[in-house]
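S.K.: I need the structure of the sequence given here:
(one chain, ligands or ions: 1)
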Amino acid sequence: MSKDIHEKPFDEATLVKLSIFRDYTREWLPVFIAAKQIYWNTLNIVDFFAGPGNDIKNTPGSPQIILSELTTHLPLIRSKNLKVNIYFNEFKKKKYDELVKFIEENKKEFPEFNFEITNLDFKVAYQNWYPKINKKDCANLLFFDQNGIKHIDESVFQQIIALKSTDFLFFVSSAHARRFSEHENIKQYLKLNKADIDSTPYYHIHKLVQEYYKGLIPKGKEYYLGRFSLRKDSGNIYGLIFGSGHVLGMEKFLKSCWKIDPERGEANYDIDKDAIMPGQIDMFTGEVKKPKKKEIFESNLEKYILDKTLTNDKQIYLHTVTNGFLASHASEVLKKMQKDKKIKIFKGTLNSSVCKKGIATISIEII
Ligand SMILES: C[S@@+](CC[C@H](N)C(=O)[O-])C[C@H]1O[C@@H](n2cnc3c(N)ncnc32)[C@H](O)[C@@H]1O
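M.R.: Okay, here's the model as predicted:
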């Protein structure tokens, strides 16, 4: 069987990856196009490993997804006079030719967009475009859908997280990083610790990869890194890493993840081996069975509120998002605590607006 994902129909894990990419693009565009106050006049959407545009069954790949998601925003882009640059790179000549053909056939719908399509090795494309995305007046959405692991090394990662108004998604073969962690040609890109690998269950390997990248974020820098684990039919574990300097970006990424995985918001498989059937009732409590991850989040949140580790809406919101949960999950806990008379009626705000400068926080009152 060919390893090239474009020589056969996309498999289930690729479809999940692309659906997160679509969903995130759908969430990202309005934030940067429809915001009341616009600090940028240029949007750069960059797909560094673009492929030909679709698979052999014509299922849209990332380039087609980007164009179709932009279509609905054309009136606003025009009325706000925003400049849009679409940068696509693909290394394989045959795929590059197909991509160029696809863009030639479709770009008349986007007459004011600037399209650049290149047929380069990632490093060269990245060096060419970095100065264009490293500008004060632009917002960037970057997609690095690499095969394997090697392109997002420490120095590329550091450069990406230093960019202003930039969200990114990259794909990484976490199982590969684990299997070959001792090889020099892997260690030079991703330095996973052997003892950590040995103590990490195979299903959780992508979490370890995310933690490695988290460790590269300079101390004190506000930056959010999300993850979604993907298991292929072969059993190999891959994943997406998401990055944003803004908590709203993280919230939106999490929403996309929870749509795909309503139990834990983090994988296309039963990552904690909870083995729960949808709607299954717990024999002991008589309630719908919850995944371990959710139980732990709920009990920790209650504990942190009662022991005053978390004292206001902003702290609760940030704790929730940085632990991979949505505000709706935190609200459920707060409602139950109100019902059980552990806290007074809470009227705080559990969304990213509570993190804006100058917004007063609302304290939670324990009874
Ligand atoms: C996982 S696929 C990307 C799929 C694409 N996002 C889509 O939705 O169809 C990775 C792509 O990167 C290309 N590629 C491989 N090595 C590359 C390199 N060194 N630089 C740039 N592209 C490369 C491959 O030909 C392949 O099309």
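S.K.: spatially speaking, which residue is in the middle of this protein?
M.R.: Phe242 (3.2 Å; C-alpha atoms, centre = their mean).
S.K.: where does that one land in three-state SS?
M.R.: Assigned by DSSP: H, G, I helix; E, B strand; the rest coil, the conformation of Phe242 is strand.
S.K.: Show me what it is bridged to.
M.R.: Leu169, Gly226 (DSSP bridges).
S.K.: surely it meets Lys214?
M.R.: No: contact criterion C-beta atoms under 8 Å: Phe242 and Lys214 do not qualify, at 11.9 Å. Heads up, the C-betas are built off the backbone N, CA and C, glycines and all.
S.K.: list the residues that contact both of those two?
M.R.: Counting by C-beta atoms under 8 Å, 6 or more residues apart in numbering, the contacts common to Phe242 and Lys214 are Leu225.
S.K.: buried set for stretch 164-178?
M.R.: Going by neighbour count (16 or more other C-beta atoms under 10 Å), the buried part of stretch 164-178 is 165-178.
S.K.: what does the average pLDDT come to for stretch 94-109?
M.R.: The average pLDDT within stretch 94-109 is 97.
S.K.: again but with stretch 199-210, I slipped
M.R.: 93.
S.K.: what does stretch 327-335 give?
M.R.: The pLDDT scores in stretch 327-335 average 97.
S.K.: isn't there a helix covering Ile197?
M.R.: Yes: assigned with three-state DSSP, Ile197 falls within a helix.
S.K.: What's the local residue count around it?
M.R.: Counted by other C-beta atoms under 10 Å, the residues lying close to Ile197 total 16.
S.K.: repeat for Gly239
M.R.: 25.
S.K.: if we can go back for a sec, quick one: the residue nearest to the centre of the chain from the ligand, how far?
M.R.: 15 Å (C-beta to the nearest ligand atom, to the nearest Å).
S.K.: Output the set of residues of the stretch 1-150 of the chain in proximity to the ligand.
M.R.: Contact residues, the stretch 1-150 of the chain versus the ligand (C-beta under 6 Å from any ligand atom): 5-6, 18, 49-51, 61-62, 89-92, 95, 121-122, 145, 147.
S.K.: just checking, which of those belong to strands?
M.R.: Asn89 (DSSP state E).
S.K.: Secondary structure element for Ile271, which one?
M.R.: Using DSSP states H and E, Ile271 sits within no helix or strand.
S.K.: Look up how far the ligand lies from it.
M.R.: Ile271 is 22 Å from the ligand, by C-beta to the nearest ligand atom.
S.K.: Kindly list the main-chain dihedrals of that residue?
M.R.: phi -60, psi -30 (degrees, to the nearest 10).
S.K.: Quick check: pLDDT value at it.
M.R.: 91.
S.K.: Give the buried residues for the helix or strand hosting Gln64.
M.R.: Per DSSP H and E: Gln64 is located in helix 62-71. Neighbour-count burial for helix 62-71, counted by 16+ other C-beta under 10 Å, picks out Ser62, Pro63, Gln64, Ile65, Ile66, Leu67, Glu69, Leu70.
S.K.: Thank you kindly, that will do.
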